[in-house]
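1. Here is my input, please return the structure:
(one chain, ligands or ions: 1)
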Amino acid sequence: MTYNQRKIPYFQEIVQTNQPYSYEMMRKNLRELKETYPFLEIGSIGQSVLKKDLPYVRIGAGPKKVLYHAGIHGNEWITSVLLMKYIEAFCQAYSSNGTIAGYSAKKLFQETSIYMVPMVNPDTIDLVVGAIPESSREYRHYQAISCYFPNIPFPDGWKANFNGVDLNLQFPAGWRQAQKIKFSKGYRRPAPRDFVGRAPLTEPEAIALYQFTLAHNFALTISYHTQGEEIYWQFLNYMPKRGKEIGELFAKLSDYHLTQVPFASSFAGYKDWFLQTYNKPAYTIEAGLGENPLSILQFNKIYQDNLPILVLGAILA
Ligand SMILES: [Zn+2]
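-> Take a look at the predicted model:
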């Protein structure tokens, strides 16, 4: 028996966490994960403006459902790697009858269903990570929008989708208020960030997330963003009691700060809409520290800080 054939407990790492992460890399990793771990359920919640499928992954067969989503802002792509790595780690633990963050993966699998949408805004993530050729029509389209906002770095300042609409300002929860605030700051037209769109739910990525949520009975949601090491848990007077308790535990586990959203960012986000509609725990987590896009060098710390949240989010929901 040669060295390579020795049967040692060994997991080949599928999700690489040392490089910028494009849509194609995610698609490839999802195919590899499904091949290696056939118990994963993988599907699509809809399509982006550029007709990319928006994959979701479900781990677990339990009745209690939660939703985690990431990569809704282009220059926050590191959050997509976070969910992808979590999916892989959960699969590894489940396959080996092991634990994840100290909890039995099998028990977690049986009791909960964790739905994840790891990349809500793939079009712009591809722009920010350099996966769109500069000679392409798409690249020039982004440049043309950016011309009106010369103070926002290109492409690093891009959060919005291909249409120049900020997807986390698209939800019907104080949308008019968001519009007023962002208009007053000069975002009155398609922009790299902070343009709310002509109405709520005009953009396919936001509509997909909205409809996917309506079609399930999620007990808790987490929206991943960067940066600030902060956790937001309320919207106006929607402050579910469990929401605060769980939020306090999340803060303790991650050493992040449980706090209030700055007023100017208080409206029309996914979490705001979920709280208003269901009055169940919903969080925005601002992972990492620094200026977006965060360096992949922060990945290990972000992962260590958030792994317990990703596990307990489902247990406590
Ligand atoms: Zn964000």
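2. so where does residue 313 fall, helix or strand?
-> Using DSSP states H and E, residue 313 maps to helix 299-316.
3. what about dumping the CA coordinates of that helix to PDB?
-> C-alpha atoms of helix 299-316 as PDB (Å, rounded to 0.1, in the frame of the first residue of the first chain):
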ATOM      1  CA  PHE A 299     -11.500  34.900   7.300                       C
ATOM      2  CA  ASN A 300     -10.300  32.600  10.100                       C
ATOM      3  CA  LYS A 301     -11.200  35.100  12.800                       C
ATOM      4  CA  ILE A 302     -14.600  35.700  11.200                       C
ATOM      5  CA  TYR A 303     -15.300  32.000  11.000                       C
ATOM      6  CA  GLN A 304     -14.200  31.300  14.600                       C
ATOM      7  CA  ASP A 305     -16.300  34.200  15.900                       C
ATOM      8  CA  ASN A 306     -19.400  33.200  14.000                       C
ATOM      9  CA  LEU A 307     -19.400  29.400  14.000                       C
ATOM     10  CA  PRO A 308     -21.100  29.100  17.400                       C
ATOM     11  CA  ILE A 309     -23.800  31.500  16.200                       C
ATOM     12  CA  LEU A 310     -24.400  29.500  13.100                       C
ATOM     13  CA  VAL A 311     -24.900  26.400  15.200                       C
ATOM     14  CA  LEU A 312     -26.900  27.900  18.100                       C
ATOM     15  CA  GLY A 313     -29.100  30.000  15.800                       C
ATOM     16  CA  ALA A 314     -30.800  26.700  14.800                       C
ATOM     17  CA  ILE A 315     -30.800  25.200  18.300                       C
ATOM     18  CA  LEU A 316     -32.200  28.200  20.000                       C
END
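4. What helices and strands are in contact with it?
-> strand 64-69, helix 78-95, strand 103-104, helix 105-111, strand 112-117, strand 220-226, helix 241-254, strand 282-287 (3 or more Cβ pairs under 8 Å, 6 or more residues apart in numbering; DSSP states H and E). (Each C-beta comes from the backbone N, C-alpha and C, glycine too.)
5. Check which residues of that helix are buried.
-> Within helix 299-316, the residues that count as buried by 16 or more other Cβ atoms under 10 Å are 299, 302-303, 305-314, 316.
6. Look at residue 2 and report its pLDDT.
-> Note for residue 2: predicted pLDDT of 41.
7. cool, and residue 12?
-> 74.
8. what about the closest residue to it other than its chain neighbours, distance to the ion?
-> Distance criterion Cβ to Cβ, 6 or more residues apart in numbering; nearest residue to residue 12, sequence neighbours excluded, is residue 36 at 7.9 Å. Remark: distance between residue 36 and the ion (Cβ to the ion, to the nearest Å) = 31 Å.
9. Contacts only, for the residue in the stretch 151-300 of the chain positioned nearest to the ion.
-> The stretch 151-300 of the chain approaches the ion most closely through residue 225 (3.3 Å), counting by Cβ to the ion. Residues near residue 225 by Cβ atoms under 8 Å, 6 or more residues apart in numbering: 72-73, 76, 79, 168, 284-287.
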